[in-house]
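A.B. asks: how does the following fold in three dimensions:
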Amino acid sequence: MNQSLREQVNDALKTAVKAQDRIRVSTLRLINAAIKDRDIQNRTAGRVKGVSDDEVLDILVKMVKQRRESVQIYEEAGRIELAEREQREIDVIQEFLPRQLGEEEARAAVKAVIGELDAEGLKDMGRVMGALKERYAGQMDFARASAMAKELLG
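C.D. replies: Predicted coordinates:
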């Protein structure tokens with residue numbers, strides 16, 4: 001049986017601790033903390049089951065997005081060393097994400113979903129984005145996909 005993402009993160013953390021890789025250890029601990037926070041939210045909401053791999057993917061995608069924004073802010077402020085640290089954290093987090101679709105692949109995926117759903121205008125935007133998120137979770141930047149969908153539907 002395949003390991004869950006949570007187990008993969010824990011195994012990577014053990015390896016990083018043994019290798020004394022500080023940035024990797026701190027990033028993996030941040031991932032674990034975010035997963036535990038979601039666990040607590042789920043229990044509070046009455047869902048007893050642990051965090052699913054889909055939820056972990058969602059957490060990881062958000063963590064990458066936050067760090068990309070930080071990299072941009074640090075670079076604009078001339079804080080290159082902080083930007084580089086954020087980029088190293090992004091690299092660690094992305095190890096647990098599926099391969100990201102390139103620009104052409106993402107555009108093709110958006111076109112395919114629009115065709116399958118017979119989407120005809122911006123009124124169908126929600127259905128298109130819902131289908132994309134269901135099929136390509138963690139594989140594409142949905143802000144860019146949304147812009148592509150608007151362009152193709154508008």
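A.B. asks: residue ranges with poor pLDDT in this protein?
C.D. replies: Scanning the chain with the threshold set as pLDDT under 70 gives 1-2.
A.B. asks: which residue, neighbours along the chain excluded, lies closest to the residue lying farthest from the centre of the chain?
C.D. replies: What lies farthest from the middle of the chain is Glu120; by CA atoms, centre = their mean that is 28.6 Å. Nearest residue to Glu120, sequence neighbours excluded (CB to CB, 6 or more residues apart in numbering): Leu153, at 7.4 Å. In short, each C-beta sits where N, CA and C put it, glycine included.
A.B. asks: and the residue nearest in space to the middle of the chain, how far from Lys123?
C.D. replies: Centroid-nearest residue in the chain: Val61, 1.4 Å away (criterion: CA atoms, centre = their mean). Per CB to CB, to the nearest Å, Val61 is found 27 Å from Lys123.
A.B. asks: quick one: the strands in the protein?
C.D. replies: Using DSSP state E, no strands are found in the chain.
A.B. asks: sweet, I'm off.
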